[in-house]
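*Asks:* no sequence on this one, just coordinates:
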Ligand SMILES: Nc1ncnc2c1ncn2[C@@H]1O[C@H](COP(=O)(O)OP(=O)(O)OP(=O)(O)O)[C@@H](O)[C@H]1O
């Protein structure tokens with residue numbers, strides 16, 4: 001109930017439209033009840049009324065036909081208006097919710113994205129909101145419609161023949177109970193089908209993305225068998241759902257026909273004994289048919305409400321996630337020199353273990369400083385702290401002597417350029433990807449940036465050059481090319497601090513040498529932090545920090561570190577003895 005209340009808050013700005021929709025629905029109910037009454041009057045007053053002159057009977061029938069036509073047209077108009085308004089309302093409300101949700105997701109901290117799979121977040125924003133749309137388009141106003149119609153039909157039946165109504169009143173609870181039972185079993189079967197559809201989807205998404213691995217390891221047979229399992233489950237649940245339909249649908253319609261037979265049997269007796277008119281019997285049967293429609297509809301709406309509650313719960317859980325409040329909105333906005341210092345920094349992603357322990361580092365412009373260490377040592381984590389992607393637990397990170405938390409984080413991030421290990425490109429051209437969709441940056445400026453890192457000739461060589469289209473996160477562009485694009489992007493945005501996280505790991509030795517030259521030049525007036533696996537790329541660095549199991553264990557120039565014969569020496573030995 002609380003959830004529905006919170007959901008209804010989104011409808012508040014559109015209250016007037018809702019009121020209008022309900023008024024239209026009330027009018028629709030009213031006119032829907034008219035046709036059986038018109039036919040009843042036609043039969044009773046004109047078709048079977050022998051006491052009237054023939055011409056009056058014909059003109060009466062004509063008049064009634066016009067009424068019938070008029071009400072049918074009104075039903076059309078009201079239905080059109082109500083569908084129009086409700087679809088507009090549902091669409092607009094879901095647009096608002098989706099917008100708010102995505103805005104909120106953009107403000108969530110990295111730790112949130114570490115814990116939640118991207119597919120799950122996508123489903124919340126794309127699919128769960130869709131379920132909610134159904135609630136606003138087909139539940140709210142239809143419930144009014146159904147309740148009004150049910151009440152109206154019962155009133156009309158009582159007006160037509162209270163005696164007939166009393167005689168067959170036992171049929172109504174039977175119809176209602178069988179409908180509820182049908183819905184209950186149908187819902188269960190439908191849920192199983194939906195779960196199995198998501199399993200098939202999830203399986204396909206994961207395994208089609210992993211197709212290169214499937215082919216390389218000859219895993220086609222294994223894939224076939226595993227897919228067959230999920231596919232079979234889906235098939236079985238569909239059959240189960242079909243059984244429910246096969247049993248209940250005919251049961252409900254048979255009950256309905258039996259009720260009509262009972263009405264005709266009793267009604268005919270009353271007609272023969274002249275206590276009921278023929279038109280009354282017709283109207284009564286027609287109203288019974290109208291009684292069935294909202295009954296079916298209401299039970300369907302119950303389904304939608306349940307789905308909506310489930311989706312709303314998930315959406316609001318996401319909406320209640322705490323936003324990232326890193327830094328100070330009104331804090332410092334500009335990095336002046338670009339001196340980065342770590343002072344006794346401790347950091348962990350989860351309670352269970354420290355990733356960085358008592359780190360002390362200093363990076364400054366004019367020097368090329370590198371961080372090395374084995375896989376999983378904590379190098380990338382270190383760099384993510386400079387960007388304020390995660391919060392440290394103990395110690396201080398200072399930029400130009402000011403604590404990171406005292407900066408406006410958005411302004412700060414603009415001045416720190418990172419080339420990550422795994423570069424993600426967006427759909428669009430290479431040009432768009434270098435200038436990150438900033439149309440105000442000209443093609444010449446982009447080419448200039450590419451030339452600065454000595455990669456323009458590589459891009460120029462591609463068949464469509466800068467206009468090469470990128471699809472799905474950069475498929476079709478080699479890993480090395482992606483790194484070059486990211487590197488040029490960093491230069492283009494002219495940051496004060498550059499973080500190169502194994503930025504040349506996928507690039508051939510020749511190109512890497514040229515890039516090293518560019519990086520060296522860059523470090524003359526910028527702060528460049530270079531993380532590297534391959535020690536060959538850091539031998540010329542002014543200073544090298546060696547990180548081991550989350551601690552800085554050695555520091556110095558390449559020569560100094562070799563002479564220490566410590567961890568750096570060992571790493572060097574292993575790499576160069578190869
Ligand atoms: N988002 C995360 N959540 C939890 N643990 C993480 C997360 N990212 C990294 N780790 C863990 O932290 C440790 C350090 O990882 P990090 O990526 O900093 O290492 P690295 O030195 O950069 O390694 P590599 O050379 O392979 O890039 C690893 O044990 C890793 O499993």
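*Replies:* Received it, and whenever you're ready, just let me know what you need. For clarity, every value in this text was computed on a predicted model and none was experimentally measured.

*Asks:* how about the strands of this structure, start to end?
*Replies:* For the chain, the strands identified by DSSP state E occupy 340-347, 356-363, 368-372, 394-399, 402-403, 416-419, 428-429, 469-470, 497-501, 527-532, 543-548, 551-556, in order along the chain.

*Asks:* so the second one, near the ligand or not?
*Replies:* Just to be clear, that refers to strand 356-363. No - among the residues of strand 356-363, none lie within reach of the ligand under Cβ under 6 Å from any ligand atom; the closest is 8.2 Å away. For the C-beta atoms, the positions are set from N, CA and C on the backbone; glycine is no exception.

*Asks:* kindly report the same for the first one.
*Replies:* No - using Cβ under 6 Å from any ligand atom, no contact is recorded between strand 340-347 and the ligand, whose separation bottoms out at 9.4 Å.

*Asks:* name the helices or strands packed onto that strand?
*Replies:* strand 356-363, helix 379-386, strand 394-399 (3 or more Cβ pairs under 8 Å, 6 or more residues apart in numbering; DSSP states H and E).

*Asks:* now do the helix-or-strand element of the chain with minimal mean pLDDT against strand 368-372, angle only.
*Replies:* For the chain, counting by mean pLDDT, DSSP states H and E, helix 509-522 ranks last in confidence among helices and strands (a mean of 76). Using axes from the mean of the first three to the mean of the last three Cα atoms, to 10 degrees, one finds that helix 509-522 and strand 368-372 are set 130 degrees apart in direction.

*Asks:* got the contact list for helix 509-522?
*Replies:* For helix 509-522, the surrounding residues in contact (Cβ atoms under 8 Å, 6 or more residues apart in numbering) are 368, 452-455, 458, 480, 484, 487, 491, 498, 500, 503-504, 507, 528, 530, 537, 540.

*Asks:* ok, now stretch 417-427?
*Replies:* Residues outside stretch 417-427 that contact it (Cβ under 8 Å, 6+ apart) are 380, 383, 387, 432-433, 437, 469-474, 477, 479, 482-483, 485-487, 489-491, 493, 495, 497-503, 505.

*Asks:* ok, which of the residues you listed also contact the ligand?
*Replies:* Within the set of the contacts of stretch 417-427, contact with the ligand (Cβ under 6 Å from any ligand atom) is found for residue 380.

*Asks:* which pLDDT value belongs to the residue in the stretch 101-250 of the chain positioned nearest to the ligand?
*Replies:* With Cβ to the nearest ligand atom, the shortest gap between the stretch 101-250 of the chain and the ligand falls at residue 114, namely 3.9 Å. Looking at residue 114, its pLDDT reads 86.

*Asks:* do residue 432 as well
*Replies:* On the pLDDT scale, residue 432 is placed at 86.

*Asks:* what about it, how many residues nearby?
*Replies:* By the measure other Cβ atoms under 10 Å, the count of residues near residue 432 is 19.

*Asks:* quick check: closest non-adjacent residue to it.
*Replies:* Distances taken as Cβ to Cβ, 6 or more residues apart in numbering put residue 426 closest to residue 432, at 7.3 Å, once the chain neighbours are dropped.

*Asks:* next one: phi and psi at the one you found?
*Replies:* In terms of degrees, to the nearest 10, the main-chain angles of residue 426 are phi -100, psi 160.

*Asks:* then residue 349?
*Replies:* Its backbone dihedrals place residue 349 at phi -80, psi -40, with angles given as degrees, to the nearest 10.

*Asks:* is it correct that it is in contact with residue 390?
*Replies:* Yes - judged on Cβ atoms under 8 Å, residue 349 makes contact with residue 390 at a distance of 7.3 Å.

*Asks:* more crowded one of these two?
*Replies:* Comparing residue 349 with residue 390 by other Cβ under 10 Å, the one with more neighbours is residue 390, at 18 against 15.

*Asks:* what residues does the stretch 401-550 of the chain put near the ligand?
*Replies:* With Cβ under 6 Å from any ligand atom as the criterion, the stretch 401-550 of the chain comes near the ligand at residues 421, 533.

*Asks:* let me fix that, I meant to ask about the stretch 101-250 of the chain.
*Replies:* Selection of the stretch 101-250 of the chain residues close to the ligand by Cβ under 6 Å from any ligand atom yields residue 114.

*Asks:* quick one, helices of the stretch 101-250 of the chain?
*Replies:* Remark: helices of the stretch 101-250 of the chain, listed N- to C-terminal, are 110-115, 118-123, 129-134, 140-160, 162-168, 171-209, 211-216, 220-272; assignment by DSSP state H, counting those that start in this stretch.

*Asks:* leaving out the residues flanking it, which one is nearest to residue 245?
*Replies:* Closest residue to residue 245 in three dimensions, ignoring its sequence neighbours and counting by Cβ to Cβ, 6+ apart: residue 186, at 7.2 Å.

*Asks:* how many residues are close by that neighbour?
*Replies:* Neighbourhood size, residue 186 [other Cβ under 10 Å]: 18.

*Asks:* can you check residue 148 too?
*Replies:* The burial metric for residue 148, expressed as a neighbour count using other Cβ under 10 Å, is 19.

*Asks:* the closest residue to residue 302 other than its chain neighbours: what's it in contact with?
*Replies:* Nearest in space to residue 302, with sequence neighbours left out and distances taken as Cβ to Cβ, 6+ apart, is residue 183 at 6.3 Å. By Cβ under 8 Å, 6+ apart, the contact set of residue 183 is 299, 300, 302, 303.

*Asks:* from those, pick the one nearest the ligand.
*Replies:* Lowest distance from the ligand to the contacts of residue 183 (Cβ to the nearest ligand atom) belongs to residue 303, with 39.3 Å.

*Asks:* distance of the closest one relative to residue 135?
*Replies:* Shown here: residue 303 relative to residue 135, a distance of 11 Å by Cβ to Cβ, to the nearest Å.

*Asks:* okay, these two: which has more neighbours?
*Replies:* Higher neighbour count among residue 303 and residue 135: residue 135, with 24 against 16, using other Cβ under 10 Å.

*Asks:* show me the contacts for the residue nearest to that one when sequence neighbours are not counted.
*Replies:* What sits nearest to residue 135 in space, not counting adjacent residues and going by Cβ to Cβ, 6+ apart, is residue 308, at 4.0 Å. In this structure, residue 308 makes contact with 4, 7, 131, 132, 134, 135, 139, judged by Cβ under 8 Å, 6+ apart.

*Asks:* pLDDT at the closest residue to residue 378 other than its chain neighbours, what is it?
*Replies:* The shortest distance from residue 378 to any non-neighbouring residue, by Cβ to Cβ, 6+ apart, is to residue 550 (4.5 Å). In this model, residue 550 is scored at 91, pLDDT.
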